[in-house]
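# give the three-dimensional model of this entry:
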Amino acid sequence: MENSTEITSFVLAAYGNIGQLRYLYFTLIIIWYLSIVFINSALIVVIGMNRRLHEPMYMFLCSLLINEIYGSTTIYPCLMSQMFSDTHEVSLTTCFTQIICFYTSVSTEYCNFAAMAYDRYVSICYPLHYNVIMNSGKVYAIILLVWIYSIANFTFTVYFMAHWRFCGNVIDKIYCDIHSLHSLACSVPAASRIYGLVYAAVTVFVPFVLISFSYIKILIVCVKTSSEAKQKAVSTCAPQIASMINFAIGCSFDIVQSRIDVTHVPDKLRILLSVYLVVCQPVFSPVMYGLNLSKIRDACKRFLCDKK
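Residues are numbered from 1 along each chain as shown. Okay, here's the model as predicted:
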């Protein structure tokens with residue numbers, strides 16, 4: 001017989017007893033969080049104020065940068081508040097809300113990459129029809145679809161989770177995640193399992209196919225074009241490819257910890273790997289685009305010079 005009780009809160013056990021180090025950790029977290037907000041906001045402002053950057057590629061980039069701020073905001077304030085908590089306890093509602101926001105951010109990031117890959121595919125493979133195919137209405141519709149799809153998807157996920165009964169309330173991480181709650185559930189209804197499989201297939205497979213198709217087509221075109229055209233294609237695609245690889249690394253760390261027994265890994269290393277996605281990705285993306293795209297570099301220089 002299952003030993004289930006009415007769970008109203010969860011304990012984030014990975015924090016442990018941090019003692020006086022809480023002040024150091026809090027300072028580092030708030031500095032990093034403010035850096036994420038500043039760097040991403042600065043690029044959004046630069047793109048918004050420069051009419052030359054009001055192109056589909058940079059509109060998708062703005063969506064990505066907004067998502068970096070949104071995703072960080074779902075995790076960092078909770079981390080800071082937990083630094084001064086002795087119990088490291090979060091309510092059921094707070095835990096579910098964090099799951100919705102965090103996984104919505106991850107899904108939005110992934111779908112944004114798919115939209116940006118499609119944009120590069122049209123730009124490189126159909127340059128003469130690019131402005132017709134990727135008109136402003138279509139770009140805004142794609143961005144809106146990316147966000148609505150991600151929010152709706154994980155809202156339904158948590159709706160099914162709300163019907164789970166839990167046999168424990170200790171989460172061995174520093175934030176709430178779906179796998180941890182799944183492992184604590186006494187049983188998972190069949191409808192929830194079916195939805196989980198469908199959601200995983202659609203969420204992962206569809207963007208992956210679009211990204212793969214886009215870059216395979218780009219690669220085929222690049223093989224047949226001149227060296228100058230190849231260099232231009234690489235310069236516009238390189239930041240996105242690098243950002244996608246970093247994103248995949250962060251997701252891999254999270255998946256490995258969810259599926260494989262990593263109790264033999266030192267606690268501090270395990271925590272660092274679990275937050276890699278929310279620590280590195282929000283800064284990695286804007287830095288990669290800011291350094292590699294000449295239009296953004298030039299716009300930043302003009303923006304700074306005009307302020308002097």
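
# name the nearest residue to residue 75, ignoring sequence neighbours.
Nearest residue to residue 75, sequence neighbours excluded (C-beta to C-beta, 6 or more residues apart in numbering): residue 278, at 4.8 Å. All C-beta atoms are positioned from the backbone trio N, CA, C, and that covers glycine.

# surely that neighbour forms part of a strand?
No: Residue 278: not assigned to a strand; according to DSSP: H, G, I helix; E, B strand; the rest coil it is helix.

# from residue 270, how far out is it?
15 Å (C-beta to C-beta, to the nearest Å).

# who's more crowded, those two?
Higher neighbour count among residue 278 and residue 270: residue 278, with 24 against 17, using other C-beta atoms under 10 Å.

# which ones are touching the more buried one?
71, 72, 75, 76, 102, 250 (C-beta atoms under 8 Å, 6 or more residues apart in numbering).

# now the buried members of those.
Buried by 16 or more other C-beta atoms under 10 Å: 71, 72, 75, 76, 102, 250, out of the contacts of residue 278.

# what about the closest residue to the first one other than its chain neighbours, how many residues nearby?
Which is residue 71. Nearest residue to residue 71 in three dimensions, chain neighbours excluded: residue 105, at 3.2 Å (C-beta to C-beta, 6+ apart). Residue 105: 25 surrounding residues under other C-beta under 10 Å.

# in which helix or strand does residue 105 reside?
Remark: residue 105 resides in helix 92-125, with elements defined by DSSP states H and E.

# name the helices or strands packed onto that helix?
Secondary-structure packing of helix 92-125 (3 or more C-beta pairs under 8 Å, 6 or more residues apart in numbering; DSSP states H and E): strand 9-12, helix 56-82, helix 130-133, helix 136-161, helix 178-184, helix 206-224, helix 227-259, helix 276-292.

# now do the buried residues in it.
Across helix 92-125, burial judged by 16+ other C-beta under 10 Å covers 92, 95-125.

# that older thread, residue 45: which of the helices and strands packed on helix 92-125 is closest?
The minimum distance between residue 45 and the helices and strands packed on helix 92-125 falls on helix 56-82, with 10.0 Å, by C-beta to C-beta.
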